[in-house]
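Engineer: fold the following, please.
(4 chains)
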2 protein chains.
Amino acid sequence: MQLTDRQKLILTLIIHEHIRTAQPVGSKSLVEKYNLAMSSATVRNEMSALTDYELLRQPHTSAGRVPTEEGYRFFVGNLVQKSGLPTNTRRTITHQFYQSRQDIEQWLRLAASVLANQSQAASLVTAPHAEKAIFKHLELIATRGRQVLMVLVLMGGEIRQQFISLSEPVSQDRLSVIAAQISNMCTRCDVEKISRMRFQMDSLGKDILDILIAEMTLIEESTTGEIYLDGMTNVLSEPEFAESDEARQALHILEERSLLENLLASTVMNTDVGGIQVLIGGEGTWQELRQCSIVLARYGDPNTLTGSIGVLGPIRMPYDRTISTVRFVANVLSDLVTETLAV
Amino acid sequence: MQLTDRQKLILTLIIHEHIRTAQPVGSKSLVEKYNLAMSSATVRNEMSALTDYELLRQPHTSAGRVPTEEGYRFFVGNLVQKSGLPTNTRRTITHQFYQSRQDIEQWLRLAASVLANQSQAASLVTAPHAEKAIFKHLELIATRGRQVLMVLVLMGGEIRQQFISLSEPVSQDRLSVIAAQISNMCTRCDVEKISRMRFQMDSLGKDILDILIAEMTLIEESTTGEIYLDGMTNVLSEPEFAESDEARQALHILEERSLLENLLASTVMNTDVGGIQVLIGGEGTWQELRQCSIVLARYGDPNTLTGSIGVLGPIRMPYDRTISTVRFVANVLSDLVTETLAV
DNA sequence: TTTAGCACTCTCACCTTGAGAGTGCTAAAA
DNA sequence: TTTTAGCACTCTCAAGGTGAGAGTGCTAAA
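Structural biologist: Modelled structure (predicted):
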């Protein structure tokens, strides 16, 4: 499918106009709006051709044209201008990050908030997560009776806390000794190596090591870290979600962690850090997302810690701006992660 | 305002019927539906009286009656049957909690999920938070260069992690020594006591203690811990939120942390653990919640750690069931918190 | 005090209608 | 060959009209 320049122009204008108004775009109004140097009849002929290519669609015989999913895809793939974010927007965003508390959690929350506000859509950010769990540090804190709080720190800064129940009460001193022992012994070890050290430990140590191993295995098996969402309500103000049932289906994907993990796993997980993926109208697979598009990116340090960020909005979203924003925030997060978390 | 038994009955039935159908309730259909031993004319007279009391309202001259906010409030205050949850529902819920990972975060997430599913509405759960921050344990973990990961554990199990930047690189060994020293010295101390120990420390120790104090102050100042939400999309399926703008306003309160904190601070924070608060139609204060009711409870250990849980649904919600569910989940969480987190 | 009966009111679903916007086609102009 | 003016046609949408249905308040009798 090879489009003439004029066809590309018209497709682009129709998409712009449709994004602006959420209405079908007619030939005459398009010519008037953009002062095109051709008549509406010419535009109609081109529209007709674009409709044959299935890039445009007519809701009804005598309505204007609306871009199809294919049309958006062509637009995003070939026509969208990679404008980059305006400098002052960049500055505002960067500023916010360096203003915030120095804490991954805050950064991720902030990233979600920035994405949501900039794109006026729903956003998601997953915490950076390593494919391989490498032990860094263990802490055991007595709470009450046989209850102990276990804090496990992985290389890369992932932290897990968990209450464990020992078979008998143990003093804080003894716990500290064991924690220190394990911390020293296991630094930079993966699950396998740690398993092989099990024989060196006494009975209590073995119990704790077992829990530690279980926990690390669990972390390794999970495909993504904690998920932060923001701007869900932004989506509700879009006219295509006026009947809230449509909105419900779309937002449900974000809310239901397992669905979202599936979605991420089958798309952005295969993308390189720095790359952008745009999922338009659910790409036939995700029925609930028929009305939505998702712009996704991966951030972090490609070899160790990575996470995903994305924006979910109506299919009729301003792709250029959204893509720039997602790319920029991903870069900011990558920088922060590599600066502070790297091994 | 003193209602006769018959008036109470009719009010109750109208509310029940309205909750079921979301439609105005007429005299005739009410008599038929519930096989009342009186004629529709009698019911009409009583309805008229209830309307005078402003417990009912007519959307239009010749429509049926709809409960007013006042009507719901009377119902919740006087007529609602405190049924308690069915035994098997209780069992299902309890079971889920003991099945889950032994980890506050999981419990809170689960609580939110249970509330959302049981009530088919949106739910919120705040992490338990102590009014007074009491130090328990400090851990310092070298990451890279001058970057250090500080893990702060408070009495009661609140954990904060933060990256701090020291003025010069420090070895893990030295960090461990300092952390142990602080941990020993400050156990069970509040901010004030810790501040008085500052002079004992060397320069590096002072820096760290300052950050620690700042962090503890921050925790003490925040009114609530982490917030977990669930079931936002449930609300979208209610007919009163068909035009998504209504839904947007309501859900916005949940999404915007500061708004939600305000709301909690001005209501449930003043409630005792074990008590239930029902906020109907925003009580005149919260414009965004005109269409909603919130059922709130406080859980935890009254003297140390408390958190809030709640359900947000349409004003037309099944209060008896929702209240029972919220109360039950609050009790379960209280038990878990006092069992595992208490000092 | 309750109820049957009645006149009245209001909504809602349904239909019709005309304006408006858009289309495709054709024939003439460039 | 490409572009454009003109025209007949199509379809939506808002506005207005109509009747069925449900509900009400009032009155007079039980």
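Engineer: what pairs with the most centrally placed residue in chain A across the strands?
Structural biologist: Closest to where the C-alpha atoms of chain A average out (Cα atoms, centre = their mean) is residue A:309, at 2.4 Å. When bridges are called by DSSP bridges, residue A:309 pairs up with residue A:125, residue A:297.
Engineer: please tell me how far it sits from residue A:291.
Structural biologist: According to Cβ to Cβ, to the nearest Å, residue A:309 stands 21 Å off from residue A:291. Bear in mind the C-beta positions are built from the backbone N, C-alpha and C, glycine included.
Engineer: ok, how many other residues are close to the residue of the stretch 51-200 of chain A found nearest DNA strand D?
Structural biologist: For the stretch 51-200 of chain A and DNA strand D, the shortest gap (Cβ to the nearest atom of the strand) falls at residue A:62, measuring 2.8 Å. Neighbour count of residue A:62, defined by other Cβ atoms under 10 Å in any protein chain shown: 7.
Engineer: give me phi/psi at it?
Structural biologist: Phi and psi for residue A:62, reported as degrees, to the nearest 10, are phi -120, psi 40.
Engineer: and the pLDDT at it?
Structural biologist: Residue A:62 carries a pLDDT value of 85.
Engineer: what do you get for the one 5 residues further on?
Structural biologist: According to the prediction, residue A:67 has pLDDT 96.
Engineer: who touches the closest residue to residue A:134 other than its chain neighbours in this structure?
Structural biologist: Among residues not flanking residue A:134 along the chain, residue A:155 sits closest, at 3.8 Å (Cβ to Cβ, 6 or more residues apart in numbering or on different chains). The contact partners of residue A:155, by Cβ atoms under 8 Å, 6 or more residues apart in numbering or on different chains, come to A:130, A:134, A:135, A:136, A:188, A:304, A:343.
Engineer: doesn't residue A:305 make contact with the first one?
Structural biologist: Yes - with contact defined as Cβ atoms under 8 Å, residue A:130 counts as touching residue A:305 (5.2 Å).
Engineer: quick one: which of the two has more around it?
Structural biologist: More crowded of residue A:130 and residue A:305, by other Cβ under 10 Å: residue A:305, with 25 against 22.
Engineer: the more buried one and residue A:337 touch, don't they?
Structural biologist: Yes - contact criterion Cβ under 8 Å: residue A:305 and residue A:337 qualify, at 5.9 Å.
Engineer: list residues touching both of the two?
Structural biologist: Counting by Cβ under 8 Å, 6+ apart, the shared contacts of residue A:305 and residue A:337 are residue A:128.
Engineer: using CSV, write out every CA atom in the helix ranked longest in chain A.
Structural biologist: The helix that spans the most residues within chain A, counting by DSSP state H, is helix A:319-340. Extracted C-alpha coordinates of helix A:319-340, given in CSV (Å, rounded to 0.1, in the frame of the first residue of the first chain):
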residue,chain,number,x,y,z
TYR,A,319,0.0,10.0,19.8
ASP,A,320,2.9,12.4,19.1
ARG,A,321,2.7,14.1,22.4
THR,A,322,1.9,10.9,24.4
ILE,A,323,4.8,9.0,22.8
SER,A,324,7.2,11.9,23.5
THR,A,325,6.1,12.0,27.1
VAL,A,326,6.3,8.3,27.7
ARG,A,327,9.7,8.2,26.1
PHE,A,328,11.0,11.1,28.2
VAL,A,329,9.7,9.8,31.5
ALA,A,330,11.2,6.4,30.7
ASN,A,331,14.5,8.1,30.2
VAL,A,332,14.3,10.0,33.4
LEU,A,333,13.5,6.8,35.3
SER,A,334,16.2,4.9,33.6
ASP,A,335,18.7,7.5,34.7
LEU,A,336,17.4,7.5,38.3
VAL,A,337,17.5,3.7,38.4
THR,A,338,21.0,3.3,37.0
GLU,A,339,22.3,6.1,39.2
THR,A,340,21.0,5.0,42.5
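Engineer: please say whether there is contact between that helix and chain B.
Structural biologist: Yes - shown here: helix A:319-340 in contact with chain B (Cβ under 8 Å from any Cβ of the partner chain) through A:339, A:340.
Engineer: pull out the buried residues from that helix.
Structural biologist: By neighbour count on 16 or more other Cβ atoms under 10 Å in any protein chain shown, the buried set for helix A:319-340 is A:319-330, A:332-334, A:336-338, A:340.
Engineer: where exactly do the strands run in the stretch 201-343 of chain A?
Structural biologist: Counting by DSSP state E, counting those that start in this stretch, the stretch 201-343 of chain A has strands at residues A:227-230, A:276-280, A:292-300, A:305-314.
Engineer: do you know which of those strands lies nearest residue B:226?
Structural biologist: Between residue B:226 and those, the tightest spacing by Cβ to Cβ is seen for strand A:227-230, at 11.4 Å.
Engineer: does the closest one reach chain B?
Structural biologist: Yes - Strand A:227-230 is in contact with chain B by Cβ under 8 Å from any Cβ, via residue A:230.
Engineer: helices and strands around that strand, which ones?
Structural biologist: helix A:104-119, strand A:122-126 (3 or more Cβ pairs under 8 Å, 6 or more residues apart in numbering or on different chains; DSSP states H and E).
Engineer: run the chain-centre distance for the shortest one.
Structural biologist: Computed by Cα atoms, centre = their mean, to the nearest Å, the chain-centroid distance of strand A:122-126 equals 5 Å.
Engineer: what does the first one give?
Structural biologist: With Cα atoms, centre = their mean as the basis, helix A:104-119 stands 11 Å off its chain's centre.
Engineer: quick revisit: quick check: pLDDT value at the residue nearest to the centre of chain A.
Structural biologist: 97.
Engineer: residue A:335 now?
Structural biologist: On the pLDDT scale, residue A:335 is placed at 92.
Engineer: now swap in residue A:213 and tell me
Structural biologist: pLDDT for residue A:213: 95.
Engineer: surely it and residue A:196 touch.
Structural biologist: No - counting by Cβ under 8 Å, residue A:213 does not reach residue A:196; the two are 10.7 Å apart.
Engineer: for the longest helix of chain A, name the packing helices and strands.
Structural biologist: Secondary-structure packing of helix A:319-340 (3+ Cβ pairs under 8 Å, 6+ apart): helix A:87-99, helix A:104-119, strand A:276-280, strand A:292-300, strand A:305-314.
Engineer: smallest gap between the stretch 151-300 of chain A and DNA strand D, at which residue?
Structural biologist: In the stretch 151-300 of chain A, the residue found nearest to DNA strand D is residue A:239; the distance is 11.7 Å by Cβ to the nearest atom of the strand.
Engineer: what is the burial count for that residue?
Structural biologist: Quick note: residue A:239 (other Cβ under 10 Å) scores 11 neighbours.
Engineer: contacting residues for it?
Structural biologist: Listed by Cβ under 8 Å, 6+ apart, the contact partners of residue A:239 are residue A:22.
Engineer: how far away is it from residue B:267?
Structural biologist: Taken as Cβ to Cβ, the span from residue A:239 to residue B:267 is 34 Å.
Engineer: cool, residue A:139 as well?
Structural biologist: The spacing between residue A:139 and residue B:267, counted by Cβ to Cβ, is 37 Å.
Engineer: same check on residue A:261?
Structural biologist: Distance of residue A:261 to residue B:267, given as Cβ to Cβ: 35 Å.
Engineer: okay, these two: which has more neighbours?
Structural biologist: residue B:267 (19 against 16).
Engineer: next, count neighbours for the residue of chain A found nearest DNA strand C.
Structural biologist: Nearest residue of chain A to DNA strand C: residue A:26, at 2.3 Å (Cβ to the nearest atom of the strand). Other residues near residue A:26 number 19, with proximity taken as other Cβ under 10 Å.
Engineer: with the one 5 residues further on instead?
Structural biologist: Residues near residue A:31, counting by other Cβ under 10 Å, number 20.
Engineer: what does residue A:214 give?
Structural biologist: 12.
Engineer: send me stretch A:163-183 as CSV with only the CA atoms.
Structural biologist: Taking C-alpha atoms only, stretch A:163-183 is exported to CSV below (Å, rounded to 0.1, in the frame of the first residue of the first chain):
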residue,chain,number,x,y,z
PHE,A,163,6.4,-11.8,58.9
ILE,A,164,7.6,-15.3,59.6
SER,A,165,6.7,-17.6,62.4
LEU,A,166,9.6,-19.6,63.9
SER,A,167,9.0,-22.8,65.7
GLU,A,168,10.2,-21.3,69.0
PRO,A,169,10.9,-17.8,70.3
VAL,A,170,14.4,-16.5,69.5
SER,A,171,16.1,-13.5,71.0
GLN,A,172,16.9,-10.5,68.9
ASP,A,173,20.6,-11.0,69.5
ARG,A,174,20.6,-14.4,68.1
LEU,A,175,18.5,-13.3,65.2
SER,A,176,21.0,-10.5,64.5
VAL,A,177,23.9,-13.0,64.5
ILE,A,178,22.1,-15.3,62.1
ALA,A,179,21.1,-12.4,59.8
ALA,A,180,24.6,-11.1,59.7
GLN,A,181,26.0,-14.6,59.0
ILE,A,182,23.6,-15.1,56.2
SER,A,183,24.2,-11.6,54.8
